[in-house]
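In: below is the sequence, then the predicted model.
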Amino acid sequence: MDNINCSMNRTSHIQARLVQYFDSIASRWDKWQARNQYYHKTIEQLLQFLITPNFSVLELGCATGDLINAVHPSFGVGVDISPAMVQLAQQKYPHHLFYAMDAEELLLNRKFDYIVMSDLVGVYIQTKALSIYYGINSVMA
């Protein structure tokens, strides 16, 4: 039993540190993206090719919302662990919905045509990534 509690506390600690880290860099995120625009534009172009415009899209790890906006969804929802990132995304793209929550604890009551997880999996340890994968099955159309 102690091992389970220890694991839960460690996961909670990691989550808190992720929130703290991404909140601390949120104000500089767009500037960093501009400095690395070739990479980010390439990802946008790839997803614009793969995702049909005017379909519903959920993006996990949306940061400040640029990618979800670039694919022109009919209904776009972005989820990020960082409340500061979500606040910036809401200001930039008020026509989409953004929620601050851990992707592992996804609580949405609708299905989506597309789910995007760009640059998200590398942030999470392998077991957490699998948990996210199984959780998104509940929102796949």
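Out: Great, that's in hand.

In: going forward, measure contacts and count neighbours with C-alpha atoms only.
Out: OK.

In: strands of the chain, start to end?
Out: For the chain, the strands defined by DSSP state E occupy 56-60, 75-80, 97-100, 114-116.

In: closest to F22 out of these?
Out: strand 75-80 (9.4 Å; Cα to Cα).

In: where in this structure is pLDDT low?
Out: Where the chain drops to pLDDT under 70, the residues are 1-11, 121-141.

In: could you rerun that using 90?
Out: The model of the chain has pLDDT under 90 over residues 1-18, 32-34, 102-110, 117-141.

In: nearest residue to the middle of it?
Out: Nearest to the mean C-alpha position of the chain, by Cα atoms, centre = their mean, lies G61 at 1.5 Å.

In: V71: neighbouring residues, count only.
Out: V71 has 23 neighbours, counted by other Cα atoms under 10 Å.

In: number of nearby residues for the nearest residue to it once chain neighbours are set aside?
Out: The spatial neighbour of V71 that comes closest, neighbours along the chain excluded (Cα to Cα, 6 or more residues apart in numbering), is Q48 at 5.2 Å. Counted with other Cα under 10 Å, residues neighbouring Q48 total 16.
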